[in-house]
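Q: below are the sequence and a predicted model; questions follow.
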Amino acid sequence: MSLLHLCFYSSYTLSGLGLAFHRTHLISALLCLESMMLSMYIALSMWPVENQTMSPALIPILMLTFSACEAGTGLAMLVASTRTHGSDHLHNLNLLQC
Amino acid sequence: MEITLLLNTSMLLTLTIILTPTLLPLLSKTYRNSPTTITRTVKAAFLTSLVPMSLFTYCNTESITSSWEWKFITNFKIPLSFKMDQYSMMFFPIALFVTWSILQFATWYMAMEPHITKFFSYLLMFLIAMLTLTIANNMFLLFIGWEGVGIMSFLLIGWWHGRAEANTAALQAVLYNRIGDIGLILNMAWLASTTNSWEIQLSHSPQTPILPLLGLILAATGKSAQFGLHPWLPAAMEGPTPVSALLHSSTMVVAGIFLLIRTHPILTTNQTALTTCLCLGALSTLFAAICALTQNDIKKIIAFSTSSQLGLMMVTIGLDLPQLAFLHISTHAFFKAMLFLCSGSIIHCLGGEQDIRKMGGLQKTLPTTTSCLTIGNLALMGTPFLAGFYSKDLIIENLNTSYVNTWALLLTLLATTFTATYSLRMTLLVQTGSTRIPTLTPMNENNPMASNPITRLATGSILAGLLISSIIPPTKTPPMTMPITTKTTAIIITILGIILALELSSMTHTLTQPKQGTYSNFSSTLGYFNPLTHRSSSTKLLNNGQQIAQNLIDSSWYKKMGPEGLADLQQTTAKITTTLHSGLIKTYLGSFALSILITALLTH
C-alpha cells in the first residue's frame, strides 16, 4: 500500500476506534466523527489526482456539505442534552435505567 | 349631402342646447340658473330635436359622426362618435318631451324646496347622461352615459337625505346597478380583446360566444331591474315623484333594454342568449305583476308596473324583435310618466298621503288628474288604439305566433292579466267609491303648471302609438294571419283581468281585516326575495373570504405544510423511535469498533 493510502486508512481507523471507545463525553465522539470526515475528504480528493480523471472531482464537495449538516445536527443534540442533563457525560443518558 | 349636414347639425345643436345650463354659469359671472330657465332649455331642445326626427321620417337619413380620437394605446383608438339612427333619433324627441313635461310639473311639485335649482340641475345632468348613452356609437361613450345615469339616480333617490330609508334605497340602487356593471365591463373587455374596437357597428361573426352576451344580459338585468337584481326599483320610490317619473319609468330603466337593442346584431346569432332573455323577461314580468297586486302605496304599484313592462320589453328582445321593444319603450314613456305625475298631483293634493287605502272618490274632486290617470291605466292595459295597444298587442301577437318557450308564453299572458287587475284595482280604490280621506284636505289642481304637463302627456298617450308606428317602417315582417283567438288573446286576457278585479273589489266593501293566506303573503312581501338574499349573500361572501384567507392561507400553508408541520412530523417520528432503543451503548459502540477494524483489515 502506498504511503498516502496508509495515512488515510490509519487516520480513519484511529478516529473510528476513538469514536467507539471514548465513552465519557459526547463531544469526543463528535470530534472523532469530524476527523473521520476529514480523512474521507482528503481521500476522495486524491482519487481524481491518482486516476487522472476530473469526473469525480465534485464528490468531496458533496460529502463536505452533508457532513456540515450532520455536524450541525450533532452539535444541536449536544446542546440539547447539555440543557436537559447539565453536562455532556454520556452515562447521564441511562443513569435512571434499572 | 345637405340633408346629412342638416341632420348632424341639428342633432349637435340639440345636445349643445341641453349643455347650456351647465356651461353658462361657469362662463358668465352674473348668470344664474333657475327652474324656469332649465325648463325652457329642455323645451327648446325638444323643438330642435324634432328636426332630426322629421329628417329621418321623411328622407330616411341616418348618420354616424366621428370626431376627435382618443389614442388610448397604439393599436386601440376610441373616437368620440355619435350614431344617429332610428333609435336615437326617435328617442330624443320623446325623452325631451317627457322631460320637459316633468320639469314643468316639478316647478309646481318642488316649489317648497329650498334647493330647487340644484334639483333641476341634477335632473338636467341626468338627462345629459341619458342622451349620451342613447347617441353613443361606441361602448366607451355608452359606458360614460351608463355610469352617469347610475350616479345621478343615486343622488336623486337620496334627495331627501335626512331620511334613512331614502339613503338605504339610494345605496341599494347603486349596489344592484354595480353588479350589472360587471357584466357590461366583461362585455367591453371581450370586445376589446377579440375585436380590438369598441364600436357598436362591427362586422359580426356568424357565431358569437355566449360569454359577452351573458355580460350584456347581466348589465341589462341590473339596470332594467329584471328578476334577480330587481329590489332597487320599488325601493327607489323614496325619491321625489319627478325623479320617479323621469328616471324610474321612462328613461333610466330602459337603458338596459336600449343596450340590448343597440347590440342586437351580435345577440341574434346566439339562440341561447335570446332564450335567456325570453325566460328572464317572462319571469320578471310575472313576478312584478304578482307583487303589484297587494301593494298599497300608489307609487309602488306604478313602480312594479314599470318593472313588469320592462320584463315585457326583455321578452320582446328575446323574441328577436328589437324594433318592437323600442316602440314599447317609446309608448311606455308617455303613459308611465303621466301615471307618475298624476300620482304626484294626488299625493300633493292629499298632503303627502300615498296609501290608496286612504284615498277614494277623487274623481269628483280632482277631475283632470283622475281622468288622465284613467287614460294612463287604460293605455297600460293595452286598450285598443291607445298608445300601449300598438306595442303591447303586437308583442303578444308575435309571442303567440312564434316558435317560443311555452312557459315564457304562459307567464307573459298571466302577467298581462295581472296588469289589468292591479291597474283597475288602483283606479277603483283611488277614484271611485266613498272617500276615505281626512275631511279638511284642501285639494287644488287649478295650477296650470301641474295640469298642463299631465294633459300634454295624456295627448301623447293617446296619439303616440299611432304616430310612431305609422312613421317607422318595420324591419321584420309582422305576423299577418292568425286565428281569431290568437289575434284577440291580449284583449281577452285583459278583460279577464278586469273581471277579476271587479269581482275582487266587490268582495271588499266591508272594512274587515284582509285574511292572510299563502299567496297574499307571497305577494305582499315581494316574494320573500329581500330578506332571503340581502343578508345571506353578503354573509356567505364574507364567510368564504374568511375561509380562504384564514384557513387556507394562514393555517394550511403556513402552519400545517410549512415549518410547524415539519417540526411536528419530526417530533412524532422521534418519539416513536426513542422507545425502540434499549440503551446498550457499550454493545453498540463495540460492534461499531469491530466493523471499523474488519473494514481496515479487509481493504488491505
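A: Happy to help now that I have it.
Q: can you pull out the helices in the stretch 301-450 of chain B?
A: B:322-349, B:362-365, B:367-381, B:387-401, B:406-431, B:448-471 (DSSP state H, counting those that start in this stretch).
Q: how about the last one as PDB, C-alpha atoms only?
A: As requested, C-alpha coordinates have been extracted for helix B:448-471 and formatted as PDB (Å, rounded to 0.1, in the frame of the first residue of the first chain):
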ATOM      1  CA  PRO B 448    -101.600  75.200 -14.900                       C
ATOM      2  CA  MET B 449     -98.000  74.200 -14.100                       C
ATOM      3  CA  ALA B 450     -99.400  71.000 -12.600                       C
ATOM      4  CA  SER B 451    -102.200  70.200 -15.000                       C
ATOM      5  CA  ASN B 452    -100.700  71.200 -18.400                       C
ATOM      6  CA  PRO B 453     -97.900  68.600 -18.300                       C
ATOM      7  CA  ILE B 454    -100.400  65.900 -17.400                       C
ATOM      8  CA  THR B 455    -102.800  66.800 -20.200                       C
ATOM      9  CA  ARG B 456     -99.900  67.100 -22.600                       C
ATOM     10  CA  LEU B 457     -98.700  63.600 -21.800                       C
ATOM     11  CA  ALA B 458    -102.300  62.400 -21.900                       C
ATOM     12  CA  THR B 459    -102.500  63.600 -25.500                       C
ATOM     13  CA  GLY B 460     -99.200  61.800 -26.100                       C
ATOM     14  CA  SER B 461    -100.500  58.600 -24.500                       C
ATOM     15  CA  ILE B 462    -103.400  58.600 -26.900                       C
ATOM     16  CA  LEU B 463    -101.700  59.600 -30.100                       C
ATOM     17  CA  ALA B 464     -98.100  58.400 -29.700                       C
ATOM     18  CA  GLY B 465     -98.700  54.800 -30.500                       C
ATOM     19  CA  LEU B 466    -100.400  55.600 -33.800                       C
ATOM     20  CA  LEU B 467     -97.900  58.200 -34.800                       C
ATOM     21  CA  ILE B 468     -94.800  56.300 -34.100                       C
ATOM     22  CA  SER B 469     -95.900  53.100 -35.600                       C
ATOM     23  CA  SER B 470     -97.100  54.800 -38.800                       C
ATOM     24  CA  ILE B 471     -93.800  56.700 -39.100                       C
END
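Q: so for it, what gets flagged as buried?
A: B:450-451, B:453-458, B:460-462, B:464-465, B:468-469 (16 or more other CB atoms under 10 Å in any protein chain shown). The C-beta positions use only the backbone N, C-alpha and C, and glycine is treated the same way.
Q: gap between the residue most central in space within chain A and B:Met110?
A: The centre of chain A sits closest to A:Leu33, judged by CA atoms, centre = their mean, with a distance of 1.8 Å. Separation of A:Leu33 from B:Met110 (CB to CB, to the nearest Å): 95 Å.
Q: so the residue nearest in space to the middle of chain B versus B:Leu601, what's the distance?
A: For chain B, the residue sitting closest to the mean C-alpha position, by CA atoms, centre = their mean, is B:Ser224 at 1.8 Å. B:Ser224 sits 96 Å away from B:Leu601, going by CB to CB.
Q: one more: A:Thr84?
A: Applying CB to CB to A:Thr84 and B:Leu601 gives a distance of 40 Å.
Q: follow-up on the earlier one: apart from its neighbours in sequence, what residue is nearest the residue nearest to the centre of chain B?
A: B:Gly256 (3.3 Å; CB to CB, 6 or more residues apart in numbering or on different chains).
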